[in-house]
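J.: Only the shape, not the letters, is given here:
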């Protein structure tokens, strides 16, 4: 018991400085340096203006339910009591604190006596991952919601009110998170042996409300179809793309700035970071094979598997089989990968949890790379401001792997400060639309996945 308390105390001593570093990065730079997040901040600001009767001649609000909307609504509400730039920092800071708290609680549930390594593993792979730095904040809020669901005991997850509330909330964060949660609810309903088999699907009836919302959305929203750049690239290329996606679980993030041109030293750091990510992913796969997959797949272990284990297996298969593009969503397999990892780790108990915790202590050392990447971003804060001398804002020489562009939507700050006029929204994937068809705004850039697709 004393050793367990000492282990938890040491973990907290390391966790708090890391949280402090991330809070510093969110608040010490000219604006929150999360790529797409600033566009969502802009849309939250526009929403607050619409609520006050302004800009209705420029923008429309969807009259049907839309996923990918929670962040804009929260920011619009915060804008009622504070400036939009401050609201962006507040929401990002709340996310950092909530993510650290949930990582600690989940790791305590998995391995109470030695949770430190698992906590840092979750922080690296799930909460401060590539989607976080790319500013996919609706998705990341969905990850928080999914984590809270996993913290509930099985009896609570079957209560109609909880099923209704969580599935509705998940729908408004991100469709992939909603689908993952719906899968869990369905598996749990089908495994309730006290209910006759033909009646078991009815146990999931509270989730039908969110399914109705999705049907309404699908019927009303015209989703543009993006071409798949990997469609005819061959099996070897597809395998390489999946391996790269897996490596994005690692701690290194390649932040690019306006007019980015790197010398030999910084290119060496880039290649070292890429190597760390691939090595980290390989070690994580080894951990999951030994502690999670092997016991399930051998000797019929799947027959007694928990809903979390079955859900993780199903999502892993879905993630690996998804193409590079579905409709307008790039790399959908990556969006499924993080819930699958959460389920796989949270399902571990007993000796398997202890085995994972022992190996996670070594993987947790990679937290140093994550913190170094974050501090490097803070140190380059001045480069987040627009540079008129940069002829090519996003240089073709920028190394493409593990890429994030924290200054992609720097123009939002000028608009929030009243120094520039409003522009069209760059993304029409939420509930806000331009009154005329969207054109390529000067600041609209490709996401990291699209950049990688083009490079391939």
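T.: Structure received. Because the structure is predicted, anything quoted here is derived from the model rather than measured.

J.: which stretches of the chain have low pLDDT?
T.: 1-11, 193-203, 223-233, 299-302, 387-397, 437-456 (pLDDT under 70).

J.: quick one: the helices in the stretch 301-450 of the chain?
T.: Ranges of helices in the stretch 301-450 of the chain, per DSSP state H, counting those that start in this stretch, are 307-321, 332-346, 350-363, 367-379, 411-416, 448-455.

J.: mind listing the strands in the stretch 101-250 of the chain by residue range?
T.: Shown for the stretch 101-250 of the chain, no strands are assigned by DSSP state E, counting those that start in this stretch.

J.: Helices of that one, start to end?
T.: Taking DSSP H, counting those that start in this stretch as the test, the helices found in the stretch 101-250 of the chain are 116-122, 130-133, 137-151, 154-157, 160-171, 175-190, 208-220, 235-247.

J.: Need the winner for burial among the ones you listed.
T.: helix 116-122 (a mean of 27; mean count of other C-beta atoms under 10 Å). In this view, the C-beta of every residue, glycine as well, is placed from N, C-alpha and C.

J.: Residue 93: which of the helices of the stretch 101-250 of the chain is closest?
T.: Shortest distance between residue 93 and the helices of the stretch 101-250 of the chain, using C-beta to C-beta, is found for helix 137-151: 12.4 Å.

J.: how big is the angle separating the closest one from helix 332-346?
T.: If you take axes from the mean of the first three to the mean of the last three C-alpha atoms, to 10 degrees, helix 137-151 sits at 20 degrees to helix 332-346.

J.: what's residue 373 in contact with, if anything?
T.: Residue 373 sits next to 251, 252, 253, 255, 273 when contact means C-beta atoms under 8 Å, 6 or more residues apart in numbering.

J.: Tell me how many other residues crowd residue 248.
T.: Neighbourhood size, residue 248 [other C-beta atoms under 10 Å]: 24.

J.: ok, now residue 424?
T.: 17.

J.: Would you mind measuring from it to residue 221?
T.: 18 Å (C-beta to C-beta, to the nearest Å).

J.: need the helices of the stretch 101-250 of the chain in a markdown table with distance to residue 35, can you?
T.: Formatted as a markdown table, the helices of the stretch 101-250 of the chain follow (distance: least, C-beta to C-beta, whole Å):
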| stretch | distance to residue 35 |
| --- | --- |
| helix 116-122 | 22 |
| helix 130-133 | 7 |
| helix 137-151 | 10 |
| helix 154-157 | 34 |
| helix 160-171 | 23 |
| helix 175-190 | 18 |
| helix 208-220 | 25 |
| helix 235-247 | 18 |
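
J.: what about those, which gets the closest to residue 56?
T.: Proximity to residue 56 (C-beta to C-beta) singles out helix 208-220 among those, at 20.2 Å.

J.: helices or strands next to the closest one in the packing?
T.: Packing partners of helix 208-220 (3 or more C-beta pairs under 8 Å, 6 or more residues apart in numbering; DSSP states H and E): helix 160-171, helix 175-190.

J.: So what angle separates the directions of the shortest one and helix 208-220?
T.: Yep, that's helix 160-171 we're talking about. Going by the same axes, to 10 degrees, helix 160-171 is angled at 30 degrees with respect to helix 208-220.

J.: Point out the other helices and strands that helix 160-171 packs with.
T.: Checked by 3+ C-beta pairs under 8 Å, 6+ apart, helix 160-171 has helix 137-151, helix 175-190, helix 208-220 packed alongside it.

J.: Could you point out which of those sits nearest residue 356?
T.: For residue 356, the closest of these is helix 137-151, at 15.4 Å, according to C-beta to C-beta.

J.: Tell me how many other residues crowd residue 425.
T.: If you count neighbours by other C-beta under 10 Å, residue 425 ends up with 22.

J.: Over to it: give its phi and psi.
T.: Dihedral pair for residue 425: phi -70, psi 140, per degrees, to the nearest 10.

J.: Distance of it relative to residue 436?
T.: Separation of residue 425 from residue 436 (C-beta to C-beta) stands at 11 Å.

J.: circling back: so which of the helices of the stretch 301-450 of the chain is the most surrounded?
T.: Of those, helix 332-346 is the most buried (mean count of other C-beta under 10 Å), at a mean of 24.

J.: name the helices or strands packed onto that helix?
T.: helix 84-110, helix 116-122, helix 130-133, helix 137-151, helix 175-190, helix 235-247, helix 307-321.

J.: tell me the angle of that helix relative to helix 350-363?
T.: Using the same axes, to 10 degrees, helix 332-346 lies at 120 degrees relative to helix 350-363.
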